[in-house]
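Student: quick one, what's the 3D model for this:
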Amino acid sequence: MTPAPKLRWTPHPVLALPTREQIAASYAKMGEDAAGAFWLKFHGEREAKIKLELHDPLRHGYDSPLYERTKQILDDYDELLVLGANRLGKSRDAAKIVVDNLCSRKQVWAVFEASEKASINKQQSRIHDTLPPEWRDLGAASSETYVKYKRQNGFSGAQFILPNGSVCMFFNYKQDVKDLEGYELDGVWFDELVPIAFYEAMAFRVGRNRRQRMLITFTPLDGNKPAFTPVVAKFFAGARITETRPVAPQMHGTLKPDVVHVRDCPPGHMPFEMQCANPKARVLFYHWGMNPMGANNEVLDRLGGRPKEQWFVRAYGWVDKPLGSALPKFGNTHLITRAQFDALAHRGTARYCVADPAGTKNWFIKWYAVTPAGHTIVYREWPDAQRYGPWAVPPEGGDKHDWRPGEAQRLDSGRGMDGYKRLILELEGWTHDPKTGAWDGSRSERIERRLIDPRLGGAGIPGQEEGTSIIDLMGNESLDAKGRIALPRMFWEEAPGRHIQHGLQQLQTAMEWDESLPMDALNNCPKWYVVDDLIQTRTCYTSYIGPPMTSERDALKDIIDPDRYFIEAAYGFVEPEMFRTRGVCAY
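Tutor: You can find the predicted model right below:
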């Protein structure tokens with residue numbers, strides 16, 4: 001018996017043990033003394049590395065590819081949602097990212113859990129064990145350093161201050177969300193089922209006075225049921241899958257390698273990363289088997305006999321909406337870049353404008369281009385999310401499905417008819433000479449027709465003479481104090497007023513194509529496209545459910561109404577000058 005097998009080897013998921021064949025081959029090649037010395041040294045170094053990893057995981061712990069990707073995304077983006085099954089390493093990686101940021105430079109982080117007990121037992125213990133050993137129990141080391149921790153009670157005062165001035169504070173979702181007001185933070189970590197109110201309170205601060213990053217780690221389950229929470233809905237709305245990974249071979253019994261499991265993924269693949277509609281937000285999915293430090297075998301054992309949807313959630317972090325979208329076919333295929341649209345527009349398109357007016361809130365307005373081949377492209381929306389914020393925010397959850405009004409509905413609101421006319425002209429490229437008061441549309445977009453919601457657009461003011469509707473008022477010239485034309489006429493028509501389901505059905509048809517056949521520009525492709533920087537529209541197309549599950553109060557309905565009006569009007573491509581202008585007007 002050689003000395004090597006007598007050594008006691010500590011199991012480790014990454015630092016592999018030598019095989020008996022390797023040991024035997026080394027003895028045959030090196031001789032008994034040299035081989036024995038080699039394996040003794042190898043064993044000592046391996047054991048020392050494992051002990052060092054346990055003692056100081058921040059500087060000597062193993063970093064999986066998932067950790068590296070999480071850290072890289074959070075360096076580049078303001079918000080990151082990490083979805084994956086329990087015990088695949090999400091919380092471990094998040095704790096290390098928080099501690100790494102706190103130790104590398106002076107920062108302030110807030111860390112959230114479901115309850116005070118969960119915070120103490122999970123987050124606080126993880127973060128304590130990840131701190132550099134020399135900083136774990138400093139006590140009141142100075143007037144500006146305080147790290148006092150007990151395993152039973154967590155950090156004293158639910159916070160600690162490191163010697164470099166960094167501060168970490170611990171909160172839980174049972175506290176009043178108003179308790180968060182006034183803090184200036186560099187980072188936030190939400191673990192598990194974060195309520196939408198807490199997310200919104202922190203998201204409001206992103207990009208305000210200092211760069212604040214937000215990390216959310218979440219297993220999308222509520223008990224044994226998939227949990228498509230309002231926070232998940234916020235990240236998924238309008239998102240596009242940017243990277244996929246193949247299903248692990250161990251999963252092929254349930255997740256077949258030749259089947260499309262998720263829209264916009266190749267057969268046998270699952271989403272790995274998504275770019276959110278918010279350009280500063282991403283979603284990362286922790287896939288089974290990618291972290292050797294995770295409980296991969298236990299997760300696989302528990303999946304036996306469960307439905308396919310459970311495999312999606314527990315092995316890949318993917319969760320579908322409990323209620324389908326009104327436009328289920330919408331996906332990456334229907335998105336084109338701004339540069340692609342500009343190239344198409346340069347070759348010639350017919351353009352249209354459609355408005356959904358309102359009383360006290362902003363109107364929602366969209367512009368459409370139709371190509372000679374009959375493809376419709378939604379190319380502009382107002383108000384846009386980049387300048388005005390979201391038009392709609394996710395519902396509060398439970399049995400509520402109506403999206404709530406966002407800040408874009410009120411920001412910079414209060415325009416009258418002249419204000420909207422001026423806004424539309426400027427967006428379409430008209431220029432105004434303040435000296436003469438003249439508007440020049442020689443280089444503007446040519447808008448063939450304009451449509452408006454028939455209920456408000458054609459309704460006059462009660463008790464007044466005819467000519468007081470929005471259509472009438474927009475069709476009038478506005479004169480300045482000198483009697484000059486301050487704003488030209490703008491002609492609008494009442495949109496068809498059919499039931500919402502009729503328009504939705506037409507939109508579904510326009511987005512359809514035979515996905516079993518190769519795409520063909522003439523015979524097999526969608527007829528409806530969206531420029532990918534239209535965040536409000538993308539959010540609506542992926543999230544709007546429609547009646548009877550949603551009501552007229554659903555904020556997403558404002559975004560889809562112009563689409564319904566346009567497609568029901570059946571306007572197509574027209575040759576230039578087919579519709580002649582009527583005097584000095586904005587078409």
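Student: now do Arg210 against Glu184, distance only.
Tutor: 6 Å (C-beta to C-beta, to the nearest Å). Heads up, the C-betas are built off the backbone N, CA and C, glycines and all.
Student: OK, contacts around the closest residue to Glu309 other than its chain neighbours?
Tutor: Closest residue in space to Glu309, ignoring its immediate chain neighbours: Pro226 at 6.0 Å, by C-beta to C-beta, 6 or more residues apart in numbering. Applying C-beta atoms under 8 Å, 6 or more residues apart in numbering, we find Pro226 in contact with Pro220, Glu309, Gln310, Phe312, Val313, Val319, Asp320, Pro322.
Student: now, the most widely separated pair of those residues?
Tutor: Gln310 and Pro322 (14.3 Å; C-beta to C-beta).
Student: which intervals of this structure have sub-threshold pLDDT?
Tutor: Scanning the chain for pLDDT under 70 picks out 1-5, 205-209, 458-467, 575-587.
Student: and it, what are its domains?
Tutor: Domain assignment of the chain by automatic domain parsing yields the ranges 4-55, 65-121+166-316, 332-415+446-453+497-569.
Student: the helices in the stretch 401-550 of the chain, which residues?
Tutor: 417-427, 454-457, 470-474, 500-511, 535-543 (DSSP state H, counting those that start in this stretch).
Student: and for the first one, what's in contact with it?
Tutor: Translated: helix 417-427. Contacts to helix 417-427, defined as C-beta under 8 Å, 6+ apart, come from residues 353, 355, 363, 365, 367, 380, 382, 415, 432, 439, 441, 444, 470, 473-474, 478, 486-488, 490, 586.
Student: separate out the buried members of those residues.
Tutor: 353, 355, 363, 365, 367, 380, 382, 439, 441, 444, 470, 473-474, 478, 486-488, 490, 586 (16 or more other C-beta atoms under 10 Å).
Student: hang on, Met214 is in a strand, isn't it?
Tutor: Yes - using DSSP: H, G, I helix; E, B strand; the rest coil, the secondary structure at Met214 is a strand.
Student: state the distance from Tyr35 to Pro18.
Tutor: Check again: residue 35 is Ala, not Tyr. Distance, Ala35 to Pro18, using C-beta to C-beta: 11 Å.
Student: do the same with His55
Tutor: Distance of His55 to Pro18, given as C-beta to C-beta: 24 Å.
Student: same check, this time on Trp109
Tutor: From Trp109 across to Pro18, the span is 42 Å (C-beta to C-beta).
Student: likewise for Thr360?
Tutor: 75 Å.
Student: and those two? Which one has more around it.
Tutor: Set side by side, Thr360 and Pro18 show more neighbours around Pro18, with 16 against 8, by other C-beta atoms under 10 Å.
Student: so that one sits against Arg46, correct?
Tutor: No - using C-beta atoms under 8 Å, Pro18 makes no contact with Arg46, being 9.3 Å away.
Student: just the strands in the stretch 201-350 of the chain please.
Tutor: All strands of the stretch 201-350 of the chain, identified by DSSP state E, counting those that start in this stretch, fall at 213-218, 221-222, 225-226, 240-246, 269-275, 281-286, 335-336, 350-356.
Student: can you tell which of these is closest to Leu344?
Tutor: Taking C-beta to C-beta, strand 335-336 is the member of those nearest to Leu344, at 7.9 Å.
Student: wait, doesn't Ile73 sit right on Leu284?
Tutor: Yes - applying C-beta under 8 Å, one finds Ile73 in contact with Leu284, separated by 6.1 Å.
Student: which of these two has more neighbours?
Tutor: Looking at Ile73 and Leu284 with other C-beta under 10 Å, you find the greater number of neighbours at Leu284, namely 24 against 19.
Student: quick one, what contacts that one?
Tutor: Leu66, Arg69, Thr70, Ile73, Leu80, Leu81, Val82, Leu83, Phe272, Glu273.
Student: tally of neighbours for the first one?
Tutor: Which is Leu66. For Leu66, the count of nearby residues is 23 (other C-beta under 10 Å).
Student: got it, and the third one?
Tutor: By other C-beta under 10 Å, the residues close to Thr70 number 25.
Student: roughly how far does it sit from Gly165?
Tutor: 25 Å.
Student: now the second one
Tutor: Arg69 sits 29 Å away from Gly165, taking C-beta to C-beta as the criterion.
Student: so which of these two has more stuff around it?
Tutor: In this view Arg69 and Gly165 are compared by other C-beta under 10 Å, and Arg69 has more residues nearby, 19 against 13.
Student: surely that one forms part of a helix?
Tutor: Yes - judged by three-state DSSP, Arg69 forms part of a helix.
Student: roughly how far does the closest residue to it other than its chain neighbours sit from Val232?
Tutor: Distance criterion C-beta to C-beta, 6+ apart; nearest residue to Arg69, sequence neighbours excluded, is Leu284 at 6.4 Å. Taking C-beta to C-beta as the measure, Leu284 falls 13 Å from Val232.
Student: can you list residues touching both of these two?
Tutor: The contact lists of Leu284 and Val232 share Leu81, Leu83, where a contact means C-beta under 8 Å, 6+ apart.
Student: quick one: common contacting residues for Ile73 and Leu284?
Tutor: Leu80, Glu273.
Student: circling back to that earlier point, out of the contacts of Pro226, who's nearest Ala345?
Tutor: Nearest to Ala345 among these is Asp320, at 35.7 Å by C-beta to C-beta.
Student: picking that back up, any idea which of the helices of the stretch 401-550 of the chain is most buried?
Tutor: Comparing the helices of the stretch 401-550 of the chain by mean neighbour count (mean count of other C-beta atoms under 10 Å), helix 535-543 ranks first with a mean of 26.
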